[in-house]
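# Structure, please.
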Amino acid sequence: MPPISAVIIVKNEEDKIRHCLDSLKSFAAEIVVVDSGSADRTAELCREQGCRVFQREFDGYGSQKQFAVDQALNTWVFSVDADEVVTPGLQKELDELSSASEPGFDAYTIPFSLVYMGKILKHSGVGNETHLRLFRRDKGRFTNSPVHEGIVSSGTTGRLKNRILHYSYRDISHHIEKINIYTSQAAEGLLKKGKRYSHFTVALKFPVSFFTFYIIKGGILDGYPGFIWSYFAAFYASLKIAKTAELREHS
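Take a look at the predicted model:
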């Protein structure tokens with residue numbers, strides 16, 4: 001496999017970007033960072049670590065990440081978020097893969113573990129998550145979604161064994177802040193797609209979603225963090241459609 005370019009989009013990630021960058025250095029030939037106007041030292045810290053830093057106004061996660069991919073100098077791209085850390089096992093796996101003469105696939109999915117309230121959630125609907133993050137840029141690209149973007153590859157896809165650790169939320173307050181931002185973005189996307197939700201659907205969504213995450217998907221097995229996660233996952237699901245209904249009523 002040719003050299004790998006790691007790509008990251010950032011904004012005000014000073015508190016976590018070092019850990020992310022440190023986990024990339026063993027296998028990434030370059031690190032491309034696209035900053036959308038950080039008010040802290042994020043861009044400066046990235047430059048100090050030898051990253052190629054670009055400034056671009058944020059216009060959605062999908063398009064922002066694709067812009068980062070387009071700046072990469074290498075064919076193979078590894079996409080990572082600032083709040084994610086590549087485990088030593090995955091670092092070794094990627095280093096071995098980059099040293100191989102011919103990779104077996106055109107893209108690779110990677111297992112993820114969410115670290116929530118200091119604990120890795122093994123259930124709660126997130127215990128078996130995998131995401132496509134390593135791919136040939138001539139055969140894959142990000143979807144143009146404002147939120148919950150993904151990578152679509154036209155080639156063959158394999159799966160790596162080792163994990164990325166996702167430190168998405170500093171605390172409960174931070175979780176609520178992100179829910180508010182993401183549900184607003186998701187609601188705008190649903191409105192554009194012509195989605196309609198009744199008040200009854202909004203009222204029913206929370207209890208059904210909580211039961212799904214906490215009981216069916218095993219949040220109860222993750223202890224107190226599993227309960228809080230299931231609660232907020234249900235809150236997210238209901239708030240998203242409530243905001244969609246509200247936008248529809250005022251449009």
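
# Go ahead and list the helix or strand containing the residue most central in space within the chain.
The chain has residue 81 as the residue nearest its centroid, 6.0 Å off, counting by Cα atoms, centre = their mean. In the assignment (DSSP states H and E), residue 81 maps to no helix and no strand.

# what comes up buried for stretch 217-231?
217, 218, 219, 222, 225, 226, 227, 228, 229, 230, 231 (16 or more other Cβ atoms under 10 Å). To be clear about C-beta, it is placed using only N, CA and C from the backbone, and glycine gets the same treatment.

# follow-up on the earlier one: wait, doesn't the residue nearest to the centre of the chain sit right on residue 11?
No - the pair residue 81 and residue 11 fails to qualify as a contact (Cβ atoms under 8 Å) at a distance of 11.3 Å.

# and the closest residue to the residue nearest to the centre of the chain other than its chain neighbours, bridged to which residues?
With sequence-adjacent residues excluded and distances taken as Cβ to Cβ, 6 or more residues apart in numbering, residue 81 is closest to residue 8, at 6.8 Å. Beta-bridge partners for residue 8, by DSSP bridges, are residue 33.

# ok, how many other residues are close to residue 8?
Residue 8 has 25 neighbouring residues, counting by other Cβ atoms under 10 Å.

# got the contact list for it?
20, 31, 32, 33, 34, 68, 79, 80, 81, 82 (Cβ atoms under 8 Å, 6 or more residues apart in numbering).

# List buried residues within those residues.
Of the contacts of residue 8, these count as buried by 16+ other Cβ under 10 Å: 20, 31, 32, 33, 34, 68, 79, 80, 81, 82.

# Turn these into CSV, columns for distance to residue 192.
As requested, the buried ones among the contacts of residue 8 are exported to CSV (distance: Cβ to Cβ, whole Å):
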residue, distance to residue 192
20, 32
31, 34
32, 30
33, 30
34, 24
68, 24
79, 25
80, 29
81, 25
82, 28
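
# show me where the stretch 151-251 of the chain has strands.
151-153, 157-159, 164-166 (DSSP state E, counting those that start in this stretch).

# Run the chain-centre distance for the first one.
For strand 151-153, the distance between its averaged C-alpha position and the chain's averaged C-alpha position is 14 Å (Cα atoms, centre = their mean, to the nearest Å).

# how about the strands of the stretch 1-150 of the chain, start to end?
Using DSSP E, counting those that start in this stretch, strands in the stretch 1-150 of the chain cover 4-10, 28-35, 52-55, 76-79, 84-86, 107-116, 119-120, 130-136, 140-142.

# Out of the ones you listed, which gets nearest to residue 208?
When the strands of the stretch 1-150 of the chain are compared for distance to residue 208 using Cβ to Cβ, the nearest one is strand 107-116, at 21.9 Å.

# wait, what's in contact with the residue nearest to residue 245 when sequence neighbours are not counted?
The spatially closest residue to residue 245, leaving aside those adjacent along the chain, is residue 197, at 4.7 Å (Cβ to Cβ, 6+ apart). Going by Cβ under 8 Å, 6+ apart, residue 197 touches 241, 242, 244, 245, 248.

# Thanks a lot, catch you later.
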